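Visitor: just a sequence and a predicted model for now, questions to come.
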Amino acid sequence: MVTHESSNNNAPSELSLGDARSHENATQAPPELDEVFAALGHPRRRYLLHALLDGRSEQTLDELATSITAWEQDEPREAVTAEERDRCRVALYHTHIPKLADAGILDYESDDDVVVRTTNTEQAQAVLTGIGGEADDAQEMHARRTD
Amino acid sequence: MRDESPSFGSGEWQQAKQTNYDPDSDGELATTLVYAVADVKGVDPLDRDQLPVLYDVVDAEFLEETFVASAERAVAGEGAFCFQYADVMVTVERNGWITVYDQE
């Protein structure tokens, strides 16, 4: 889980950083637990981290927005309209990704328009699954639909 | 609705768009704000050059959760939050009215 030890042997091996905001975070010690919980304090940021669990090192913003919208609406990815995807994409780009990048949990590379994992991504995901994130997300999904 | 032109700092600001945000049905405030500003500027809401990262200017999630009245949280009294973003001025009122002003 999350430790506050600062070790220098977690030097990132293949982080190519396109976004100035994340340069420092990516090489810093693991984020404080408060920061992790704040970063996970919105269902879309938790969905985002779930989407990054699939093993790929990076995903485009459009791919992520499509996945998240499909989960929120409990429908297949193919059913997500361009308008729905774009509205989600705007929220990711203007709020959720900067917050996660500030916490050092992921990076956004504007040149390729992709979200990439950092050394801290796995820790945040461990916290997420450790507190029952997946069951929680299913409930959130249904709660949102009955609004 | 109101049509007077308030003064923000030294600029001459003209009301360009007004829309109501309902936190219970309109999704995220950040999305509504960016789409409203994009409309006033006549650009694509996905345009990253014309619409820099909103979070660098304001935490819209904070406004959505603590400032704007919703079904869950009635707010006593009035209030408005005002910020400049992407060369326009934006106000968010507690009752959900969003107004975008631009300069001629």
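Guide: Thanks, I have the structure now.
Visitor: going by C-alpha atoms from here, please, whenever you check contacts or count neighbours.
Guide: Fine.
Visitor: low pLDDT regions in chain A?
Guide: A:1-31, A:132-147 (pLDDT under 70).
Visitor: could you pull out the helices for it?
Guide: Using DSSP state H, the helices found in chain A span residues A:23-26, A:33-39, A:43-51, A:61-73, A:82-91, A:97-102, A:121-130, A:133-145.
Visitor: just the CA trace of the second one, in CSV.
Guide: Same thing as helix A:33-39. Extracted in CSV, the C-alpha atoms of helix A:33-39 (Å, rounded to 0.1, in the frame of the first residue of the first chain):
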residue,chain,number,x,y,z
LEU,A,33,-2.7,9.4,1.7
ASP,A,34,-4.8,12.5,2.1
GLU,A,35,-3.9,13.4,-1.5
VAL,A,36,-4.8,10.0,-2.8
PHE,A,37,-8.2,10.0,-1.1
ALA,A,38,-8.9,13.6,-2.4
ALA,A,39,-7.8,12.4,-5.9
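Visitor: count the residues that sit near the residue nearest to A:Val115 when sequence neighbours are not counted.
Guide: Closest residue in space to A:Val115, ignoring its immediate chain neighbours: A:Tyr108 at 4.5 Å, by CA to CA, 6 or more residues apart in numbering or on different chains. Using other CA atoms under 10 Å in any protein chain shown, A:Tyr108 has 26 other residues around it.
Visitor: is it true that A:Tyr108 touches A:Leu100?
Guide: No. Using CA atoms under 8 Å, A:Tyr108 makes no contact with A:Leu100, being 9.6 Å away.
Visitor: hang on, the earlier thing: could I get the helices of chain A as TSV with distance to chain B and mean neighbour count?
Guide: Listed next are the helices of chain A as TSV, based on distance: least, CA to the nearest CA, whole Å; neighbours: other CA atoms under 10 Å in any protein chain shown:
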stretch	distance to chain B	mean neighbour count
helix A:23-26	16	18
helix A:33-39	12	16
helix A:43-51	10	20
helix A:61-73	11	21
helix A:82-91	5	19
helix A:97-102	7	23
helix A:121-130	20	18
helix A:133-145	10	13
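Visitor: nearest to B:Val57, of these?
Guide: Evaluated over those, closeness to B:Val57 peaks at helix A:97-102, with 11.5 Å, by CA to CA.
Visitor: could you measure from B:Asp47 over to B:Leu54?
Guide: Distance, B:Asp47 to B:Leu54, using CA to CA, to the nearest Å: 12 Å.
Visitor: isn't there a strand covering B:Asp24?
Guide: No. Looking at B:Asp24 with DSSP: H, G, I helix; E, B strand; the rest coil, it is coil, so not inside a strand.
Visitor: if anything else comes up later, I'll come back, but that's it for now.
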